[in-house]
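1. Fold the stuff below for me.
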Amino acid sequence: MKQKRILEKPRLLGIVWPFIAVVLLQALLGCVSLYMMSAVRSYIGGESLWSKGQKDAIYYLNLYANSRDDINYLKYQKAIAIPQGGHDLRLAMDQPVPDIARAKAGILQGGNHPDDAQSIIWLYLNFQHFSYLEKAIDLWKVGDNYLVQLDEVAREMHARIQEGNVTNSEVLGWRQRISAINEGVTPAAMAFSDALGEGSRVILRILLVVNLATALCLIILALLRTHKLLEQRHAFAVALQMEKERAQITLESIGDGVITTDVDGSIVYMNPAAELMTHWKNEQAAGLPLAALFSLLDENDQKDTSTLIERMLSGNLGGGSESSRLIQRLDGSTVSVALVGSPIRAEGKVSGAVLVLHDMTQERQYIANLSWQATHDALTGLANRREFEYRLELALNNLVEQPARHALLFLDLDQFKLVNDTSGHAAGDELLRHICTLLQQGVREGDTLARLGGDEFGILLEHCAPEDAERVAESLRQTVESLHFVWKGRPFVTTVSIGLVHIDEVPTTLEASLRAADMACYMAKEKGRNRVQVYHDDDSDLSTRFGEMAWIQRLHMALEENRFCLYSQEIAALGRNAEQSNGHIEILLRLRDESGRMILPDSFIPAAERYGMMTTLDRWVVQHVFMIIADCLKAGHHKGPMAVCAINLSGTSIGDDAFLEYLRQQFQIYAIPPELICFEITETSAIANLGSAIRFINELKSLGCRFSLDDFCAGMSSFAYLKHLPVDFLKIDGSFVKDMLDDPVNRAMVEVINHIGHVMGKQTIAEFVESPQIEQALLEIGVDYAQGYVIERPQLFTCECLHARPARQTPLLFSAPGTFR
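-> Predicted structure coming up:
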C-alpha cells in the first residue's frame, strides 16, 4: 500500500510542478527570444539585400547611360526590384488595415527567405513604435524617397533613349542626378543598419537578464525541493527496482510471444504475439496454469514430462539459453518455437517468471530454402552439379549391393555463345529455360536432370537398358533440334551434342564416369556436333583424347616442378663449308617423368598443340637456352666463336604478337647476341600462317637472328611459297634422306631441294643422316649441313656444346639406327 501511494500521480505532480512551471517559462522565453532575434536577423539580412540591390541598380543605370544598351537597363530593373520589394512591404504595413498578402509578396521580392516572412511582419506590427525600430522605419522612408527619385530618372532615361535623339548634355545631367541620389541614399542606409543593430543588442541584453533571473529561480526552487526528494529516494528505489525488472524483460521480448506468471505458475499476462501463438486470449488464460495452454514435444513428437515452470524458476531455462522445441496446442496443431525462460526477482526473492516464445517457422523455412539453393540451379530450378554428382555417386555405390544398369548423359548446347554474343545474356537465359522445359518433358519420372554450368546439362537414367538410354538420348537431341527459338524477331537454330556412358554392374568411380561422359560429349562436338556419341572402352579416338588430356595435367606439373631439360645435337658442315662454319647445334626438348625416365617430345607435343600449351613450352625453352648461353658468356668459357643455337618454334608462337615481344625482352634481359640464335619453324606452320610468319621472320632478322625452314617438302609442295619466306636454311625432311640410297625418287627429291635452295641463296641441312654412306652421298650432291646419329647423338645442353667442333674431312665409319627427335 505504501508503494502505491509513492507512485500516485498527485504526489509526483506536487513534487515536480514548480520545476515544470519554471521550465515551461524558460522554454517560452527562449522561443520568444529566438523568434525575435530571428526577425531582427531577417531585417538586417533584408537591409543587406536592399543596399546591394540599390548599389547594383545605380551601377547598371550608369552603364545604361553610357552604353544605352537595353541589356543594362534590364539588369537595372532586376536590381531595383529588390529594394522596391522592401518599399512595397512598408507601404502595405503602414496602411490602416495592413495588407498581409502584399507585404509577403514584397518580402519575397526583396530576396528574404519565405520562412522569414511571418517573423518580419510580426516584428513590424508589434514593435514598430519601439524607439530603435521606429527610428529605423523613418530612415527606411528616407531611403524609399531616394529610390522613387532613382526610378523616375531611370524611366526618363529609358524613354529618351528609346526615342533615339539623346544629347551628351542630357546624359551628363542624368549621371549627376544619379550621383546625387547615391550620395543621399548611402548615409540613410547605413543609419538604418546601425539602428537595427543597436536595437538587436538592446533586445539581447534584456533577454539575457530575463533568462538569468529565471535560471536563478530554478536553482533556488531545486534547493528547496532537494531535501524532500532525498527522503523519498529509498522508497522510490525499491518500487522502481521491481518495476524495472518486470518491464525490462517484457520490453526486450516484446517482438516474440511473452508470457508472465506468478511464483505458483499461474498466468498473469500474455502479449498479443503469445495469444496468436497459443490460440488463447489474455483474459481467458489469466489465472490458469501454464500447462493448460500447450504441451511440449521433443524431436520425436513425444511429450516432454518435465515441468516447464520449475525449469524457469530454477534458472535452467533462463540466462539467455535457447532450445528449439515443438509446442502442441489444444486443437492438436503444432508450431516450432525457441524457448527462453527466466525467473523474476525482487529484493532477492523470486516473484514470478517470464517465458519468451520465438516462432521458428520462418527460420526453418529459410533453412529449407538455403538447402534447396545449395542443391539446385537458380536460373532453371534443376539440380546443380553438386547434387548431380551426389546422386550419381549414390547410384554407383548401390551397384555393389544391387546390380543394375544406369546411363549417364552429358549435353552441351552447340554454338550457345552465339546467342549471348548477338542478343545478350537475357536471350541466353531465356533459351536455357526453354531447353530445360523440353528436357524435363523428355526424361522419365525419377531420372535426374541437372544443369552442370553454363550451357552444359547432365542426365542420370537409373535402371535404364542401353537401347532405352540411346533412344532417350536421340529423342532429346531431336527435341532440342526442333525447338524454334525467336528472340526479338531473330530466330536461332538450336542443336545439342550428347555424350552417353552406359554404367553396368562393373564397379566404376565417380571421376571416371564423369570423365568418360565429358570425353564422349567432346567427341560428339569434334565429329560435327548435333549427334549422340556413345562411349566405348575400345574407342581409339577416345583413348587418344584421354591420353592427351592426361598429358596436359602432367605437363603443367612438369612446368611447376621444373622437370623439363634441354639437349643439343650438332648440325655439321660438309665439304668446304666445314672450314667456314663456327658450329651449329639444334636445341632439343626432353621431359623427365615422375620416375626419372626421359621422354621424347613425340609423346607430349601433340597434346600440347591440341590444348594450347605450345607457346608456354616455347617460352620455357627460349628462357632457359638464353639463360645457359648468358651464364657461359659470363663465366668466360668461350674465348673464340660460339656455335649457333637452333630453337624450334611452334606455329602458335609465330602468330602471337605477345610472343614476339617476349623474345625482344629476353634478348634485352640476357644480353644474348642475336647472331647466335637461329629459329626453326616447320614448313606446315609457316605456310598455314604465311603473313604472320613473314612478319615474324623479318622482325627478328632485323635484330640479327637467322631462320631455318624445318621438314621442307614433308607435307606439301612448297616451292611456290619458298621465295616469299626470308629463311637462311632449308632442312630437307628426314623421310627423304634416310632411304635415299635405296630409293632413287628420294635421292632425286634431295637433289632437287638442294638445288632449288642454292638457287634461292639458302643453305641446306639434311636430317636423319644415320650412316657414313648417306653422309658421303650428301657430300656428292653438295648439301651444306648434315644432322643425325652419324654426326652426333643428342647430349645434355651445356657450355661445352657451344664449342665449335673440328672440321669433318671424311665420313665416320659407323652407323646407328633410330631417330634423334
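2. For residue 588, see how far away the residue nearest the centre of the chain is.
-> Geometric centre of the chain, nearest residue: residue 425, 17.2 Å, by Cα atoms, centre = their mean. Look at residue 425 and residue 588: by Cβ to Cβ, to the nearest Å, they are 48 Å apart. Any C-beta I mention is one placed from the backbone N, CA and C, and that applies to glycine too.
3. Check residue 691 too.
-> To residue 588, residue 691 is 29 Å away according to Cβ to Cβ.
4. Mind checking which of these two has more residues around it?
-> residue 588 (21 against 9; other Cβ atoms under 10 Å).
5. The more buried one pairs with what?
-> Residue 588 has these beta-bridge partners by DSSP bridges: residue 567.
6. Tell me the first helix or strand C-terminal of the helix or strand residue 394 falls within.
-> Residue 394 is part of helix 385-401 when elements are defined by DSSP states H and E. Counting by DSSP H and E, the next helix or strand C-terminal to helix 385-401 is strand 406-413.
7. How far does that next one sit from its chain's centre?
-> Centre-to-centre, strand 406-413 and its host chain are 33 Å apart (Cα atoms, centre = their mean, to the nearest Å).
8. Can you name every helix or strand that whichever strand or helix holds residue 777 contacts?
-> Applying DSSP H and E as the criterion places residue 777 in helix 772-781. Of the remaining helices and strands, those touching helix 772-781 by 3 or more Cβ pairs under 8 Å, 6 or more residues apart in numbering; DSSP states H and E are helix 744-759.
9. export the next helix or strand after the helix it packs on as PDB, just CAs?
-> Of the helices and strands lying after helix 744-759 in sequence (DSSP H and E), the nearest is strand 763-766. Included here for strand 763-766 are C-alpha records, laid out as PDB according to Å, rounded to 0.1, in the frame of the first residue of the first chain:
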ATOM      1  CA  GLN A 763      71.900 -23.300 -97.300                       C
ATOM      2  CA  THR A 764      70.600 -26.800 -97.000                       C
ATOM      3  CA  ILE A 765      70.600 -29.200 -94.000                       C
ATOM      4  CA  ALA A 766      69.800 -32.900 -94.300                       C
END
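10. Show me how far strand 763-766 is from its chain's centre.
-> 57 Å.
11. Report the beta-bridge partners for residue 681.
-> On the basis of DSSP bridges, residue 681 is bridged to residue 649, residue 709.
12. contacting residues for it?
-> Counting by Cβ atoms under 8 Å, 6 or more residues apart in numbering, residue 681 makes contact with 648, 649, 651, 654, 693, 697, 707, 708, 709, 710, 727.
13. switch the cut-off to 7 Å
-> Counting by Cβ atoms under 7 Å, 6 or more residues apart in numbering, residue 681 makes contact with 649, 654, 693, 707, 709, 710.
14. State the distance from it to residue 655.
-> 11 Å.
15. try residue 59
-> In terms of Cβ to Cβ, residue 59 sits 75 Å off from residue 655.
16. How about residue 88?
-> Residue 88 is 84 Å from residue 655, by Cβ to Cβ.
17. do residue 661 as well
-> 13 Å.
18. which residues touch residue 111?
-> With contact set as Cβ under 7 Å, 6+ apart, residue 111 has these partners: 49, 82.
19. my read is it is in a strand, agree?
-> No. Residue 111: not assigned to a strand; according to DSSP: H, G, I helix; E, B strand; the rest coil it is coil.
20. Let me see the domain layout of the chain.
-> In terms of domains, the chain is parsed into 35-224, 255-365, 376-537, 563-802 (source: automatic domain parsing).
21. can you redo those as JSON lines with distance to residue 25 and mean pLDDT?
-> JSON lines is the format used below for these (distance: least, Cβ to Cβ, whole Å; pLDDT from 0 to 100):
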{"stretch": "domain 35-224", "distance to residue 25": "6", "mean pLDDT": "75"}
{"stretch": "domain 255-365", "distance to residue 25": "40", "mean pLDDT": "74"}
{"stretch": "domain 376-537", "distance to residue 25": "66", "mean pLDDT": "89"}
{"stretch": "domain 563-802", "distance to residue 25": "85", "mean pLDDT": "88"}
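22. would you list those domains in JSON lines and tack on distance to residue 23?
-> Formatted as JSON lines, those follow (distance: least, Cβ to Cβ, whole Å):
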{"stretch": "domain 35-224", "distance to residue 23": "8"}
{"stretch": "domain 255-365", "distance to residue 23": "33"}
{"stretch": "domain 376-537", "distance to residue 23": "60"}
{"stretch": "domain 563-802", "distance to residue 23": "80"}
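23. what about the ones you listed, which gets the closest to residue 236?
-> domain 255-365 (14.3 Å; Cβ to Cβ).
24. how close does residue 397 get to residue 503?
-> Residue 397 sits 12 Å away from residue 503, going by Cβ to Cβ.
25. Tell me which of the two has more neighbours.
-> Ranked by neighbour count (other Cβ under 10 Å), residue 397 and residue 503 place residue 503 first, with 26 against 11.
26. Spit out the contact partners of that one.
-> 406, 407, 408, 513.
27. what's the spacing between stretch 392-400 and its chain's center?
-> How far stretch 392-400 lies from its chain's middle: 39 Å, per Cα atoms, centre = their mean.
28. List the buried residues for that stretch?
-> Neighbour counts over stretch 392-400 (16 or more other Cβ atoms under 10 Å) mark 392, 395, 396, 399 as buried.
29. Which stretches in the stretch 501-650 of the chain count as helices?
-> 510-526, 540-561, 577-580, 605-610, 614-635 (DSSP state H, counting those that start in this stretch).
30. Three-state assignment for the residue lying farthest from the centre of the chain, please.
-> Largest separation from the mean C-alpha position in the chain: residue 169, at 76.0 Å (Cα atoms, centre = their mean). Following three-state DSSP, residue 169 is assigned to helix.
31. do residue 258 as well
-> Strictly by three-state DSSP, residue 258 counts as strand.
32. partner residues bridging it?
-> residue 356.
33. Give me the distance between it and residue 327.
-> Applying Cβ to Cβ to residue 258 and residue 327 gives a distance of 15 Å.
34. do residue 423 as well
-> Taking Cβ to Cβ as the measure, residue 423 falls 55 Å from residue 327.
35. if you count what's nearby, which of those two comes out ahead?
-> For residue 423 versus residue 327, neighbours defined as other Cβ under 10 Å are more numerous around residue 327 (21 against 16).
36. list the contacts for that one?
-> Going by Cβ under 7 Å, 6+ apart, residue 327 touches 294, 295, 296, 334, 335, 337.
37. cool, residue 511 as well?
-> Taking Cβ under 7 Å, 6+ apart, one finds nothing in contact with residue 511.
38. thinking again about what came up before, higher neighbour count, residue 661 and residue 655?
-> Ranked by neighbour count (other Cβ under 10 Å), residue 661 and residue 655 place residue 655 first, with 18 against 11.
39. for the more buried one, what are its contacts?
-> By Cβ under 7 Å, 6+ apart, the neighbours of residue 655 are 689, 692.
40. Got phi/psi on it?
-> phi -90, psi 10 (degrees, to the nearest 10).
41. Could you pick out the longest strand of the protein?
-> Ranked by number of residues, the top strand in the chain under DSSP state E is strand 334-346.
42. helices or strands next to it in the packing?
-> helix 168-252, helix 308-314, strand 323-329, strand 349-359, helix 361-375 (3 or more Cβ pairs under 7 Å, 6 or more residues apart in numbering; DSSP states H and E).
43. those strands in the stretch 1-150 of the chain, which residues are they?
-> Taking DSSP state E, counting those that start in this stretch as the criterion, the stretch 1-150 of the chain contains no strands.
44. for the closest residue to residue 150 other than its chain neighbours, what are its contacts?
-> The shortest distance from residue 150 to any non-neighbouring residue, by Cβ to Cβ, 6 or more residues apart in numbering, is to residue 181 (4.9 Å). For residue 181, the contact set (Cβ under 7 Å, 6+ apart) comprises 146, 149, 150.
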